[in-house]
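Novice: kindly return the folded structure for what I paste below:
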Amino acid sequence: MAPMSALAWGAGRDWLPNGIVLEEEVGEGSFACVYRGRCDGRPCAIKIAKVEIEGAVERLAAEAAVLGQVRHAGWVRLEQALEPRA
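Specialist: Here you go, the predicted structure:
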């Protein structure tokens, strides 16, 4: 089974839904941080936008739109893109 990932954006990490657990930060870019974690008990990578950076949410949303359509053995599969609940 291919690894999976989840992209998320919101006001920090506290709003993540049940079933998604952040374990450790493994990388950081200009507009997002990447964490090793678990989604419904399965290992995954979770990328969270830095909401304090102007345009970060829009950039991650655009990335999710593209990754949601890509199927390639060398890329992780996008499992879900999450937005905070209102």
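Novice: confirm residue 65 sits in a helix?
Specialist: Yes: remark: residue 65 belongs to a helix, assigned using DSSP: H, G, I helix; E, B strand; the rest coil.
Novice: count of residues packed around it?
Specialist: 12 (other Cβ atoms under 10 Å). The C-beta positions use only the backbone N, C-alpha and C, and glycine is treated the same way.
Novice: same question for the one 10 residues further on.
Specialist: Residues contacting residue 75 under the criterion other Cβ under 10 Å number 12.
Novice: quick check: bridge partners of residue 22?
Specialist: For residue 22, the beta-bridge partners under DSSP bridges are residue 37.
Novice: that one and residue 44: what is the separation?
Specialist: Distance of residue 22 to residue 44, given as Cβ to Cβ, to the nearest Å: 10 Å.
Novice: for residue 16, same thing?
Specialist: When distance is defined by Cβ to Cβ, residue 16 is 12 Å away from residue 44.
Novice: surely residue 39 and residue 45 touch.
Specialist: No: using Cβ atoms under 8 Å, residue 39 makes no contact with residue 45, being 9.4 Å away.
Novice: mind listing the strands in this structure by residue range?
Specialist: 4-8, 20-28, 32-39, 42-49, 77-82 (DSSP state E).
Novice: isn't residue 44 right up against residue 38?
Specialist: Yes: using Cβ under 8 Å, residue 44 is in contact with residue 38, at 6.5 Å.
Novice: who's more crowded, these two?
Specialist: Set residue 44 next to residue 38 and count neighbours by other Cβ under 10 Å: residue 44 wins out with 22 against 14.
Novice: give me the beta-bridge partners of that one?
Specialist: residue 4, residue 37.
Novice: distance of it from residue 30?
Specialist: With the distance defined as Cβ to Cβ, residue 44 ends up 22 Å from residue 30.
Novice: repeat for residue 50
Specialist: As judged by Cβ to Cβ, residue 50 and residue 30 stand 8 Å apart.
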